[in-house]
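*Asks:* Pasting a predicted model and its sequence here:
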Amino acid sequence: MPATATTKPSRSPLRRLGRELLALVLAKLVLLTLFGWALMALFPRTDTHPSAIEHHLAPATSSHGVSQP
């Protein structure tokens, strides 16, 4: 009976595949981050000064002429 040599599967293709998948995930993450940053740069920033926040949170003035105490 001839002896059949059992060859171990090489880990090199699996490691290469792992590296390629990791590079793909990182590239997508970078591209999505840059895309989001570019979209957000198109919109004006919100005014976060305390006076602007105070004005935003202030109660609405009555337009019906009702006197308040």
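*Replies:* Received, thanks.
*Asks:* Distance of Asp47 relative to Ala58?
*Replies:* Distance of Asp47 to Ala58, computed by Cβ to Cβ, to the nearest Å: 14 Å. Every residue, glycine included, has its C-beta placed from N, CA and C.
*Asks:* Tell me where the chain is predicted with low confidence.
*Replies:* Applying pLDDT under 70 to the chain flags the ranges 1-11, 62-69.
*Asks:* Tell me which residue is most central in it.
*Replies:* Centre of the chain computed as the mean C-alpha position; nearest residue by Cα atoms, centre = their mean is Thr33, 5.7 Å away.
*Asks:* Quick check: which element contains that one?
*Replies:* helix 12-42 (DSSP states H and E).
*Asks:* from the chain's centre, how far out does that helix sit?
*Replies:* The chain centroid and the centroid of helix 12-42 are separated by 12 Å, computed with Cα atoms, centre = their mean, to the nearest Å.
*Asks:* what helices or strands is it leaning on?
*Replies:* Packed against helix 12-42 by the contact rule (3 or more Cβ pairs under 8 Å, 6 or more residues apart in numbering; DSSP states H and E) you find no helix or strand.
*Asks:* which is the next helix or strand following it?
*Replies:* helix 50-57.
*Asks:* Which secondary structure elements does that next one sit against?
*Replies:* Checking 3+ Cβ pairs under 8 Å, 6+ apart, helix 50-57 ends up next to no helix or strand.
*Asks:* Quote the end-to-end distance of stretch 45-53.
*Replies:* 14 Å (Cα to Cα, to the nearest Å).
*Asks:* mind checking the SS state of Thr61?
*Replies:* Three-state assignment for Thr61 (DSSP: H, G, I helix; E, B strand; the rest coil): coil.
*Asks:* What distance do you get for Thr33 to Leu26?
*Replies:* Counting by Cβ to Cβ, the gap from Thr33 to Leu26 is 11 Å.
*Asks:* How about Glu20?
*Replies:* For Glu20, the distance to Leu26 (Cβ to Cβ) stands at 11 Å.
*Asks:* And Ser51, how far from Pro44?
*Replies:* Applying Cβ to Cβ to Ser51 and Pro44 gives a distance of 18 Å.
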